[in-house]
Structures are given as C-alpha cells and as structure tokens.
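J.: Quick one, what's the 3D model for this:
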Amino acid sequence: MIQLHDVDLKLLRVFATIVRCGGFSAAQAALNAGQSTISEQMTHLETRLGVKLCQRGRSGFRLTEQGVAIHEATLRLLAAVEGFCLDADVLKQHISGKLNLGIIDSTLTDPDSPLPRTTQRFVSRGHDAHLNVYIGAPAELEERVLDGRLHLAIGHFPLRVPGLSYLPLYQEALGLFCGRRHPLFASKEQNGRLLEEVRACRIVARGYMQQYDLEQLGVSKAAATVENIEAAAILIISGAYIGFLPAHFAEQWVKTGEMRRLGASALNLMSPFDAITRRGVAPPPILRAFLEDLAANTRQPVHG
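T.: The predicted model follows:
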C-alpha cells in the first residue's frame with residue numbers, strides 16, 4: 001500500500017492543476033513554474049505511484065486509463081483534505097478574517113433580535129475578526145449575499161430567492177400607527193369602524209411588503225412607498241400618513257405622545273426574520289463560527 005506524504009499531496013495538486021488546465025504548457029501560469037519543472041514533478045509522481053498518468057508530446061496532452069482513475073481519486077482526496085482543514089479551523093479558539101454582515105434597518109430596539117447577544121458572544125471568544133456591517137433594504141441584502149459582497153444578512157425577506165439559504169430566527173411584532181397631528185389620533189373607534197376610517201386615510205406602505213400591507217387594510221393603493229422603516233416613521237410623525245411600524249421601534253414616540261398605535265386586533269402583525277447565506281458555497285470558518293453563535297443565541301420571541 002502506498003504511504004502518502006506531504007510531498008505526494010503537493011504533487012497530486014500539481015497533477016490536478018495540469019488536468020484542469022489541459023496540459024503542461026497551459027498549467028505554467030497557474031503553477032508559477034516552468035514546463036521542465038512541471039515535467040519533473042509529474043515524472044516523480046508517476047514513479048511514486050508506479051503508473052503512467054498521461055501521454056504528452058506533439059500529439060498533445062491525454063490522460064491514460066490509469067490517469068483518469070488517479071485523477072478522480074485525487075479530486076476526492078483533495079476535497080477531503082480541504083474539508084478537514086475547514087473543520088480544524090472552526091475548532092480553533094482563535095479565528096481570524098473579515099465577516100461582512102448585512103442587517104435590515106431599525107432593529108436595534110427589538111428585544112427579540114439575537115444579533116447583539118450573538119455579536120457579544122462571538123467577540124468574547126477571542127476571534128481576530130473584523131466586522132463590516134451594512135444596513136440595507138431586503139432586496140438589496142439578498143443581492144449582496146448572492147454576489148458575495150455579504151457573507152450573511154439578517155432581516156425580513158418575504159420572497160424565497162433561488163440560490164439563498166434561509167435560517168428562521170424570530171418574529172417581529174408590528175402595529176398600525178398614526179402621528180399626533182393625524183385625525184385618527186383622537187379617534188375612539190375600534191375594530192370594524194376603525195378599519196373603515198383607516199381605509200379613507202393616506203397609507204404609507206413598505207416597498208418590499210406593499211401588497212401585504214395594503215391587503216391587511218383592505219385598500220388597493222398606497223399614497224406613499226418607502227424602502228426602510230425610518231422613512232415610514234418620518235411620514236407617520238408628519239400626521240399626513242398612517243402605516244405599519246415595528247412596535248419596539250415606534251414605542252419611543254408613543255411614550256412621548258408623538259404617535260399612537262391604532263388598536264384594532266386585526267391591525268397587529270407578526271413579521272418573520274431570517275438569516276440568509278449563499279446556497280451551495282462552503283462557508284469560511286469565520287462565518288461558520290458566527291452562525292454557531294447565532295443559533296445558540298436565537299430564542300423564542302417574547303412580546304408584552
């Protein structure tokens with residue numbers, strides 16, 4: 001039985017690169033080596049294995065039957081080695097690198113969000129990690145995860161996009177709010193009658209949830225569209241519009257009397273939050289470590 005050593009793994013990687021490039025000459029740039037050096041390495045590998053791996057010469061580059069079998073075994077071996085290295089990195093106490101994280105806006109005040117607890121746990125484990133945090137709308141976060149600019153994003157994603165994996169995290173409570181200058185601020189109506197009054201008002205809807213917001217109110221058209229929660233709050237505080245806001249985010253203005261939550265039970269919604277990553281791509285060790293901490297800090301939401 002052949003005993004593999006470090007030099008054999010190096011030679012097998014050279015062999016795999018030659019096959020991927022389609023020959024010795026084409027592999028020179030990828031291997032940063034001259035053709036004579038590559039030829040010597042292949043001769044050494046064939047001697048170690050005791051088989052002829054390829055034909056090379058004026059007729060071109062071609063694998064032998066044994067070469068095809070060895071190449072397939074090489075790919076399996078190198079994949080196993082890479083997987084071992086990734087697992088070993090995750091088990092290290094100290095992980096280094098950059099983590100690009102995306103977050104939907106206006107979640108800081110949500111007590112159910114696992115992100116603050118996750119970040120504290122992740123950093124306290126001594127990782128040499130540099131976090132890049134980007135705040136954006138759901139569609140923008142999905143796009144950035146898909147093209148690799150973000151490793152991970154957390155938010156409300158109403159559509160399931162091919163190429164992304166979704167990890168359920170928690171539920172965010174939303175309510176319908178109006179500002180103190182709005183006619184409904186002093187309204188005593190409830191339930192059905194309140195809904196009738198709501199339908200006669202200017203509605204601000206979230207662009208990524210527009211039809212859903214409108215369907216909850218039984219109206220067909222929004223008077224204003226926003227792509228983030230802070231923009232919705234600005235229009236609502238103006239007194240010209242009403243719309244849905246996360247209850248935790250609006251509470252600061254409810255306490256000061258700038259907003260009122262319209263109390264019909266039918267107007268209270270729950271919005272699921274997920275963590276998204278790119279499907280089919282092996283996560284780097286730093287992302288795997290963060291996902292482990294995220295799973296450990298995700299709990300069932302508690303709403304007052």
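J.: would you list every one of the strands in this structure?
T.: Residue ranges of the strands in the chain, as given by DSSP state E, are 54-55, 62-63, 96-103, 128-135, 152-155, 164-179, 204-206, 224-226, 242-246, 259-262, 269-278.
J.: which one of those has the lowest average pLDDT?
T.: Set side by side, the strands of the chain give their lowest mean pLDDT on strand 54-55, at a mean of 86.
J.: so how many other residues sit close to residue 292?
T.: The local packing of residue 292 (other CB atoms under 10 Å) involves 15 other residues. Using the backbone N, CA and C atoms, a C-beta is placed for each residue, glycine as well.
J.: Kindly report the same for the one 4 residues further on.
T.: Applying other CB under 10 Å, we find 12 residues neighbouring residue 296.
J.: Surely it and residue 121 touch.
T.: Yes: in this structure, residue 296 is within contact of residue 121 by CB atoms under 8 Å, at 7.0 Å.
J.: what about stretch 59-69, how long is it end to end?
T.: When the termini of stretch 59-69 are compared using CA to CA, to the nearest Å, they are 22 Å apart.
J.: Need the contact partners of it.
T.: Contacts of stretch 59-69 from elsewhere in the structure, counted by CB atoms under 8 Å, 6 or more residues apart in numbering, are 18, 19, 22, 23, 24, 51, 52, 53, 54, 55, 56, 71.
J.: TSV please, covering these and showing neighbour count and distance to residue 171.
T.: Putting the contacts of stretch 59-69 into TSV (neighbours: other CB atoms under 10 Å; distance: CB to CB, whole Å) gives the following:
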residue	neighbour count	distance to residue 171
18	26	54
19	20	51
22	11	53
23	16	57
24	21	59
51	14	60
52	12	63
53	22	58
54	20	59
55	12	63
56	17	62
71	19	50
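J.: and which of those residues is nearest residue 249?
T.: Taking CB to CB as the measure, residue 19 is the one of those closest to residue 249, at 56.1 Å.
J.: what's the spacing between the nearest residue to the closest one once chain neighbours are set aside and residue 105?
T.: Counting by CB to CB, 6 or more residues apart in numbering, residue 19 lies nearest to residue 71, which is 5.4 Å off, once chain neighbours are set aside. In this structure, residue 71 lies at 50 Å from residue 105, with CB to CB, to the nearest Å as the measure.
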